[in-house]
Every structure is written in C-alpha cells, then in structure tokens.
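Undergrad: Just to be clear, the model below is a prediction. Sequence and coordinates:
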Amino acid sequence: MYALVDCNNFYVSCERVFRPELRNRPVVVLSNNDGCVVSRSEEAKALGIGMAAPAYQHELLFRQQGVAVFSSNYPLYGDMSNRVMNLLGEMAPDMEIYSIDECFLNFTGCDYLDLEAQGKNICQKIPQYTGIPVCVGFAPTKTLAKAANNIAKKFKDKTGGVYVIDTEEKRIKALRWMKVDAVWGIGRRSAKTLAKFEIKTAYDFTQQSDAWVRSVMSVTGVRLKHELLGTPMIEREELEVRKNIATTRSFEKNYTELPEISERVATFAVSCAEKLRRQHMQCNALMVFLMTNRHRKDQQQYNPSTVVRLPFASNSGIEIAHYAAEGLKQIFREGYSYKKAGVIIMDFTPEEEGQVNLFENSDPRHKPLMVAVDKINRALGEQKIKLGAQDMQQDWKMRQESLSPRYTTRLKDIIVAKV
DNA sequence: TCTGGGGTCCTAGGACCC
DNA sequence: TCTGGGGTCCTAGGACCC
C-alpha cells in the first residue's frame, strides 16, 4: 500500500505558523513578481479567488475582505518542507518526495499495520511538530492514493484527514464519486476529449478498452487506467538527478534592446551553472528562449528558442553564459517587446567523466575558479561575485511587496517570544 | 500598467545510415 | 505507371504535474 501525504494549502500554512492570528482569516500567497495567486486558505477559496488568478484583478477584493496577502518566501517554504519530510521519513519503511508539499510513503510488507491508525498518527504528529496540517490517502497504487487523499481532504470533518482504499467496494465507490478531470494525470485537454464521449467519472474512464484509451491518450492513458483499476504502473521516480535545469523570469517591464536582455540571460546562465555544480554534473547543451507578452493580443508575438550544443561538457558559469549569449544573438530580432526569457541546460554527464573531446575542452582554470566563487557566494550571499556580462548595476528588482521574514533560516529573522 | 517558475514524459516527423 | 525496408537519433511540440 502507498500513502500520499499532502500538506494543506502549503504556502499559506507556512505563513500561518508564524502568524497564528491569521488562522481563520482569508490568506493568499502570490507567485514571483507578485503575479498570480498560487496558494489559498479555505476562506480565500470561499471568496471565489481562483487558483492562478492574476493578483491585480483581485486587489479590491483583497482590501474589502481583509485578505492577508504574501509574496512567495521560498527559503521559508523549503525549510518547512524539509522539516515535514524528515518526520514523514521516520513513519514508513520507504518514502519518495514528490514535490515541495507532497510525498508518497511505501508500506509494502507492512501487512499487519493498522493504516487508518498510522494515518491518524501522521495527521496528529506533523502539525504538532511543525505547525503544518496534512491529509493522508492510502491505496494500492499511487493514482488511487491521490484519489484517496482527495476524499480525505474533501470530507475532512468525516474522515479526520485520512482515507484508506483497501477494498473493491471502496475503490469503485471512490471512482464513481471522482470526476474524471480530477484524476491525477488527466488535464484539461484530455478531460475535454473524454467529455465528448460522455466519460464523466473516473469509473467511466476505467470501463473503456485499452485500445480506445491508447488512441485518445497514448500509453500514458493506458497506464493511468490500470493504476485506477488497482495495478501499480508508476515506478519510483529517482528525483535526485535532474535531467534539465532551468532559470527563467518574466521581466518587470518590456525589453526591446539586445544588451539589456543579454545581461539578464547571462545571470540566468550563471544561476543554472551553479545549480548544476551542486549536482556535480556538467551539461553538453543549453536552450535559450525569448517571449513577448502572450497576454497582449494587440502586440506582435514572437517566441523563439534555440538549442546550442557545447563543444565540450562544462559546468563553468563563464562558459555556459558565453554559449547562452551566442544562442540569444541568434534568436533576437529588433522590433519586438520582450517580456520573458530563460536558459535551460540539458544533456548532463557526471563531472568526473572528464575530457572526451580531443581538440576542445572546458578551460581547466575554471574549475578552481568556480569552487572559489561558490564558496564566496555561499558565505557572503548570492551573486556577490558576478561576471562582467551580468547586470552590474542591477536596476531591476523582483516585485515582492509583502514578503514575510525568513523565520527559520536567517538568524536576525528569528521570532522573539516574550514571557 | 499588471497576469509565475520548474519539471517530466510521449509522439510525430525529419535527417541520416546501410 | 513504376521509385524498398529497416534502423537510429534528434527535435519540436503537446500534455501533464506541482
């Protein structure tokens, strides 16, 4: 049996740990640049604030209804997530962290364990130790565990935050209740296609033939169907090693000139390289992309991208920034207003694998240089050492108007308790 | 005026090889 | 009129997830 443990309204819950007076009030957390709503308390959901709603559209509502608004505080959420995951890791034989606020626990071999009781234990212990409320769903496959978690959350008063699918009756009851678009792995597009064939619930979906499912949703759909029938089809994901690393940002204003975009792209490349070194990998290729504002229907759209292959594997910020700049030069066109850009590095090989190219290789001097740069930046703060190609004067700044303190990761932000 | 960021997997089609 | 068959690799784009 698998358990899916999911933190409730995670970012909002993190903020509330340190602001208990917000407990029964509507609270939202915004994305980077204070752009969209990405986490909502139950009270905020009740006000009709949708997921991913642009913040500016709700400014009036926020004020009128006294909604507490926060900018994203990733150092805080990351640290709170670690605390939750560390505790959960001790409560099952095996765990698989799926995202910042979710993990699968594997109870294979625990045939005599009372899962319901273990679930209750989790729902009690995690909030007691971390302040973060969670719900737990148990089932024989991951997709069904997701469904069980949905039920646990939806009927929290009745379930106490725990639901176990361990019989055929419960499985069928759950699938008949679940709308097909709520199934993990069925998105908006597939749901629309399925609706055309009168497939409304997860149960309806499982009644279709493999061949038909494959024809509309490819092998992914077939796997999903069997997961819902109770046969595990989704393997353990090895998340430790990433296959791509991306740094992308929307700009606070439109850019029209190559030099200003070039500075930002250099910074994205340097940031990718740093993440890559932390993984002890090198990349063999990178992609640069540019985007105009896709929300502006009145503007000419241009969303080019290009893949640049490196002549040698590298994780040097200097080299990666150099090839990113070359890619950018290829795709940049005058006459457009650019709103977003990004660098994605890919095709990784391990650091130790070393030189494979006879004629061209990564500059060996960069290795000790990067070690030194990482050391300094880690000790003195991000981006203290930069390339000349980066934005030295940095006249841009991410909008973060309602940022909470880093309560758990910065000494001067530690909360002061008065007796 | 404003509307995020970072991932994975799958498929179709083109280029190329013998 | 007719113009093979069987591979691999790469890329772009779609769909989905949090």
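TA: Okay, I see it.
Undergrad: Return the distance of whatever residue of chain A ends up closest to DNA strand C relative to residue A:198.
TA: The minimum distance from chain A to DNA strand C, using C-beta to the nearest atom of the strand, falls at residue A:187 (2.3 Å). Using the backbone N, CA and C atoms, a C-beta is placed for each residue, glycine as well. Remark: distance between residue A:187 and residue A:198 (C-beta to C-beta, to the nearest Å) = 19 Å.
Undergrad: got it, and residue A:382?
TA: Plainly put, residue A:382 is 53 Å away from residue A:198 if you go by C-beta to C-beta.
Undergrad: okay, now the residue of chain A closest to DNA strand C: neighbour count?
TA: Number of residues near residue A:187 (other C-beta atoms under 10 Å) recorded here: 10.
Undergrad: which one is it nearest to, not counting chain neighbours?
TA: Closest residue to residue A:187 apart from its sequence neighbours, by C-beta to C-beta, 6 or more residues apart in numbering: residue A:181 at 7.8 Å.
Undergrad: Is the one you found in a helix, a strand, or coil?
TA: When the structure is reduced to helix, strand and coil (DSSP: H, G, I helix; E, B strand; the rest coil), residue A:181 reads as helix.
Undergrad: mind listing what it touches?
TA: Contacts for residue A:181 were tallied using C-beta atoms under 8 Å, 6 or more residues apart in numbering; they are A:187-188, A:191.
Undergrad: Inside helices: which ones of the residues you listed?
TA: Cross-referencing these against helices under DSSP state H gives A:188, A:191.
Undergrad: The contacts of residue A:181 into TSV, with extra columns for pLDDT?
TA: Below are these laid out as TSV (pLDDT from 0 to 100):
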residue	pLDDT
A:187	94
A:188	92
A:191	95
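Undergrad: Just put the contacts of residue A:181 in JSON lines and tack on distance to residue A:17.
TA: As requested, the contacts of residue A:181 are arranged in JSON lines below (distance: C-beta to C-beta, whole Å):
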{"residue": "A:187", "distance to residue A:17": "32"}
{"residue": "A:188", "distance to residue A:17": "33"}
{"residue": "A:191", "distance to residue A:17": "35"}
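Undergrad: which among the contacts of residue A:181 gets closest to residue A:174?
TA: residue A:191 (17.9 Å; C-beta to C-beta).
Undergrad: Can you verify my assumption that the closest one contacts residue A:185?
TA: No - if you go by C-beta atoms under 8 Å, residue A:191 and residue A:185 don't touch, sitting 10.9 Å apart.
Undergrad: joint contacts of those two?
TA: With the criterion set as C-beta under 8 Å, 6+ apart, the contacts of residue A:191 and residue A:185 do not overlap.
Undergrad: just to revisit the earlier point, what distance do you get for the residue of chain A closest to DNA strand C to DNA strand B?
TA: According to C-beta to the nearest atom of the strand, to the nearest Å, residue A:187 and DNA strand B sit 10 Å apart.
Undergrad: Repeat that for residue A:79.
TA: 17 Å.
Undergrad: What residues does that residue make contact with?
TA: Contact partners of residue A:79, counting by C-beta under 8 Å, 6+ apart, are A:408-409.
Undergrad: what about it, helix or strand, and which?
TA: Secondary structure assigned from DSSP states H and E places residue A:79 in helix A:74-89.
Undergrad: Quickly run through the sheet partners of the helix or strand that that helix is followed by, with directions.
TA: Stepping forward along the backbone from helix A:74-89, the first helix or strand reached (DSSP H and E) is strand A:94-99. Using DSSP bridges, the neighbouring strands of strand A:94-99 in the sheet come out as strand A:102-106 (antiparallel).
Undergrad: Mean confidence (pLDDT) on the partner strand, please.
TA: Across strand A:102-106, the average pLDDT comes to 96.
Undergrad: what residues does the following helix or strand past it touch?
TA: Counting by DSSP H and E, the element after strand A:102-106 in chain order, helix or strand, is helix A:115-130. Residues external to helix A:115-130 that are found in contact with it (C-beta under 8 Å, 6+ apart): A:1, A:3, A:5, A:17, A:80, A:83-84, A:87-88, A:91, A:107, A:132-136, A:138, A:160-164, A:166.
Undergrad: Swap in 6 Å and give it another go.
TA: Contacts with helix A:115-130, where a contact means C-beta atoms under 6 Å, 6 or more residues apart in numbering, come from A:83-84, A:87, A:91, A:133-134, A:136, A:138, A:161-162, A:164.
Undergrad: Could you do stretch A:83-94 as well?
TA: A:5, A:95, A:97, A:103, A:105-107, A:122, A:126, A:129-130, A:132.
Undergrad: now, which of the contacts of helix A:115-130 sits nearest residue A:26?
TA: Proximity of those to residue A:26 was ranked by C-beta to C-beta; the top entry is residue A:133 with 16.5 Å.
Undergrad: Contacts only, for that closest one.
TA: A:8, A:127.
Undergrad: Check which residues of stretch A:290-300 are buried.
TA: For stretch A:290-300, burial by neighbour count (16 or more other C-beta atoms under 10 Å) applies to A:290-293.
Undergrad: can you list the residues of chain A near DNA strand C?
TA: Chain A has residues A:98-102, A:146, A:183-191, A:285, A:305-307, A:309 near DNA strand C, with proximity defined as C-beta under 7 Å from any atom of the strand.
Undergrad: Can you flag the buried ones in these?
TA: Among those, those scoring as buried are A:98, A:100-102, A:146, A:183-186, A:190-191 (criterion: 16+ other C-beta under 10 Å).
Undergrad: Pull the distance from stretch A:205-214 to the chain's centre.
TA: Averaged C-alpha coordinates place stretch A:205-214 at 30 Å from its chain's average position (C-alpha atoms, centre = their mean, to the nearest Å).
Undergrad: Quick check: phi and psi on the residue in the stretch 151-300 of chain A that DNA strand B sits nearest to?
TA: Nearest residue of the stretch 151-300 of chain A to DNA strand B: residue A:295, at 2.8 Å (C-beta to the nearest atom of the strand). Backbone geometry at residue A:295, expressed as degrees, to the nearest 10, gives phi -80, psi -10.
Undergrad: The residue lying closest to residue A:113 once chain neighbours are set aside - how many residues pack around it?
TA: Ranked by C-beta to C-beta, 6+ apart and with sequence neighbours excluded, the top spatial neighbour of residue A:113 is residue A:107, at 6.4 Å. Other residues within reach of residue A:107 by the criterion other C-beta under 10 Å amount to 17.
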